[in-house]
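starting from these lines, generate the structure:
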Amino acid sequence: MKLSKSLAVAMGAGALLGASLAGAAPLRDYRSVAITAGGERIAAIESDAGSPGQRPHARIVVRDARNGKVTAEYDPCASCSYDFPSWSPDRQSLAFIGADAQAGSATLWVVRGGRPALAATIQGVANTARWSPDGSRIAFLATVGAKKQTGAVEAGERLVGEIGVNEDAQRIAIVPAGGGEARMVSPDGAYVYEYDWTPDSKGFIATSAQGNGDNNWWVATLGHVDAASGALRIVAAPKMQVSLPHVSPDGRTVAFVGGLMSDFGSVGGDIFTVPLWSDDRAGEPVDVTPGYAGSFNGLAWKGTGLVASSLQGDRMTIVAVDPQARSTRSLWSGAVTASGSRDGRIVFSADGGAAVSVFETYDEAPYVAAGRTRELARITRDNDGAAPQVSARSISWTNEGYRSQGWLVGPRQPQAGRKHPMVVIVHGGPASAATPRYVGAGESANPLVRELVERGYYVFMPNPRGSYGQGLAFTSANRRDFGGGDWRDILAGVDAAIAQAPIDGNRLGLMGHSYGGFMTMWGVTHSTRFKAAVAGAGIANWISYYGQNGIDQWMVPFFGATMYDDPAVYRKASPIESIKDARTPTLIYVGERDVETPAVQSMEFWHGLRAMKVPTALVIYEGEGHAIRKPEHQLDQRRRTVAWFEKYLKP
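Predicted coordinates for the structure are as follows:
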């Protein structure tokens with residue numbers, strides 16, 4: 001339910017709106033990086049900030065991994081958005097998908113000899129092209145005749161007619177490397193989320209589930225798909241969420257990240273292994289990183305061992321993992337946000353010896369870092385002119401035996417003798433984490449946080465229990481306790497922030513999106529400490545929400561039972577049950593076609609606040625899903641948020 005970068009997307013982060021400050025240079029945006037098998041070259045989807053209110057067009061850029069020099073650029077479709085570049089095993093060719101939303105089609109492009117050629121086209125949506133290890137074929141995930149864009153955060157289809165039938169089916173498709181008609185391989189009834197080729201090029205390891213793809217990722221199983229027959233054999237059916245499956249070079253073992261995860265694509269947990277073949281029966285996964293004090297979010301095989309990325313407290317790390325000894329060894333660490341691709345926050349070469357990612361901090365605008373795993377270094381300089389605009393510090397505190405961490409951002413030079421208001425931003429999830437994101441001049445530089453700081457606010461982003469970064473036990477510590485220990489951790493974090501900076505504890509604001517929106521609704525019905533609040537896409541009533549949302553499977557791992565089996569735990573966590581205690585002026589917003597947190601939840605809370613005579617406003621953005629995508633809506637939402645806090649937190 002979280003929306004991986006929920007607040008960032010909702011507030012217009014990313015290179016979307018152009019530069020707003022006089023003289024501010026537009027930032028280069030990098031995403032979905034890929035690296036050749038030996039680590040010599042990288043590819044990324046890159047774009048520059050567009051005009052205000054417009055989304056920029058991106059292109060595929062190839063660079064030398066040693067120095068970042070651009071060696072090629074590809075943009076074969078002016079109306080397309082691009083997805084997931086993938087290098088061929090011989091390092092000579094590059095595959096990627098171009099999606100034309102207006103035409104309702106997706107095209108697989110293959111670059112050979114410096115020229116992109118059309119390899120296959122489908123009517124629908126597609127993503128995640130991968131070369132077979134022998135280089136003879138290319139696979140990708142395809143949804144023919146898709147009714148909506150892939151992912152639960154995207155706007156849902158209109159609910160008219162008979163619903164719940166003829167669900168979208170995302171399947172593995174195969175195309176000859178030279179191009180041709182796409183052949184659907186995986187079974188029609190199985191929705192495939194992630195996949196990778198087996199080393200012999202004869203099949204795939206995949207996570208999949210039957211039925212609605214938005215809803216069933218939380219009960220997905222790990223399976224082997226035969227590339228010739230399409231037969232699906234269950235490899236493991238663990239009672240946890242599964243992501244990033246990869247088969248060992250000898251073809252015998254599958255490694256994956258497993259744990260309690262609240263959204264597909266937001267990865268964190270321990271590393272598990274399971275035999276690929278186990279007497280034709282589902283195997284039992286083994287945790288090879290037990291007790292690890294962090295959350296893994298990327299991995300690759302390196303011989304018989306593994307190399308992985310993880311979030312450890314306030315630092316991103318690269319870790320060598322010995323599956324046999326169940327031991328870990330840190331290779332590299334930095335207090336950065338890493339954004340790699342669907343293969344993880346840090347993307348590793350096929351031999352596991354090199355890596356690439358996009359890094360940023362509160363002081364440093366995004367840049368591409370690449371190199372051997374112990375020696376990642378900046379290789380792009382496009383954003384070097386973006387100066388730091390804020391001060392930032394990592395804050396840790398202990399509450400009820402749990403050690404939490406968060407980020408406090410404020411002006412670089414606070415006025416002497418002045419105390420500042422502070423806005424607390426709760427991340428989505430709950431299984432996620434606030435990490436350092438560049439805050440500087442220009443619309444692509446974390447615009448909401450930047451604007452709040454410019455107006456004299458501190459911004460505090462806590463990672464309470466339930467977050468990534470402290471290990472599986474910490475991430476699981478708010479099961480059946482939403483609004484309990486996690487809320488108390490946030491309040492304790494607010495006290496820790498006030499103790500370290502000139503903050504006026506009588507002028508506090510609270511906001512968040514998705515789980516953060518729920519926590520905001522919870523906060524204003526359980527505390528009068530906050531004088532203004534903004535709740536984005538929140539949940540007011542877990543009882544009614546269970547029957548309204550399109551992803552009810554996510555709730556069982558976190559609540560321990562369905563609402564029908566244990567309504568008391570759902571009712572206990574519902575802000576609407578305490579609506580009579582609300583006193584805080586609250587702005588509410590949500591997307592009209594939100595699958596994850598339907599607009600009726602925001603309407604219910606808004607109705608309750610009005611009945612209690614609490615100042616409130618509700619904005620429903622037309623055609624939007626859980627992620628607010630349209631630049632004009634992002635800008636409007638941000639302006640309303642800032643104006644709300646200015647009205648209620650300033651003297």
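
what's the lengthiest strand in the chain packed up against?
In the chain, with assignment by DSSP state E, the single longest strand is strand 115-131. When contacts are defined as 3 or more CB pairs under 8 Å, 6 or more residues apart in numbering; DSSP states H and E, strand 115-131 packs onto strand 81-87, strand 94-100, strand 105-112, strand 137-144, strand 171-176, strand 190-197. All C-beta spots, glycine's among them, are computed from the backbone N, C-alpha and C.

okay, now the sheet partners of it, with direction.
Partners of strand 115-131 in the sheet, by DSSP bridges, are strand 105-112 (antiparallel), strand 137-144 (antiparallel).

so how far is the first one from its chain's centroid?
Relative to the mean C-alpha coordinate of its chain, strand 105-112 is positioned 25 Å out (CA atoms, centre = their mean, to the nearest Å).

and the contacts of it?
60, 72, 74, 76-77, 80, 92-100, 116-127, 129, 138, 140, 142, 175, 177, 179, 182 (CB atoms under 8 Å, 6 or more residues apart in numbering).

with the last one instead?
Contacts made with strand 137-144 from outside it, assessed by CB under 8 Å, 6+ apart, are listed as 86, 95, 97, 106, 108, 110, 119, 122-132, 150, 168-177, 182, 184-185, 192, 195, 197, 201, 204.

also stretch 163-171?
Taking CB under 8 Å, 6+ apart as the rule, stretch 163-171 contacts 141-148, 150, 184-193, 211-213.

can you select the buried ones among the residues you listed for me in PyMOL?
The PyMOL command for the buried members of those (criterion: 16 or more other CB atoms under 10 Å) is given here:
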select buried, resi 141+142+143+144+146+148+150+185+186+187+190+191+192+193+212+213
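
ramachandran coordinates for Gly516?
When quoted as degrees, to the nearest 10, the phi and psi of Gly516 stand at phi -60, psi -30.

what's opposite the nearest residue to it once chain neighbours are set aside in the beta bridge?
Nearest residue to Gly516, sequence neighbours excluded (CB to CB, 6 or more residues apart in numbering): Val426, at 3.8 Å. Counting by DSSP bridges, Val426 is bridged to Gly512.

repeat for Gly223
What pairs with Gly223, by the bridge criterion (DSSP bridges), is Ala206, Ile234.

so where do the helices sit in the stretch 501-650 of the chain?
515-526, 542-548, 555-559, 567-572, 599-611, 631-649 (DSSP state H, counting those that start in this stretch).

output the below-cut-off pLDDT ranges for the stretch 301-450 of the chain.
Applying pLDDT under 70 to the stretch 301-450 of the chain flags the ranges 441-444.

re the thing from before, need the helices and strands packed on strand 115-131 in CSV with mean pLDDT, can you?
Below are the helices and strands packed on strand 115-131 laid out as CSV (pLDDT from 0 to 100):
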stretch, mean pLDDT
strand 81-87, 96
strand 94-100, 96
strand 105-112, 96
strand 137-144, 96
strand 171-176, 98
strand 190-197, 97
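
can I get these in JSON lines with distance to Gly485?
Compiled in JSON lines, these are given as follows (distance: least, CB to CB, whole Å):
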{"stretch": "strand 81-87", "distance to Gly485": "38"}
{"stretch": "strand 94-100", "distance to Gly485": "42"}
{"stretch": "strand 105-112", "distance to Gly485": "44"}
{"stretch": "strand 137-144", "distance to Gly485": "38"}
{"stretch": "strand 171-176", "distance to Gly485": "41"}
{"stretch": "strand 190-197", "distance to Gly485": "30"}
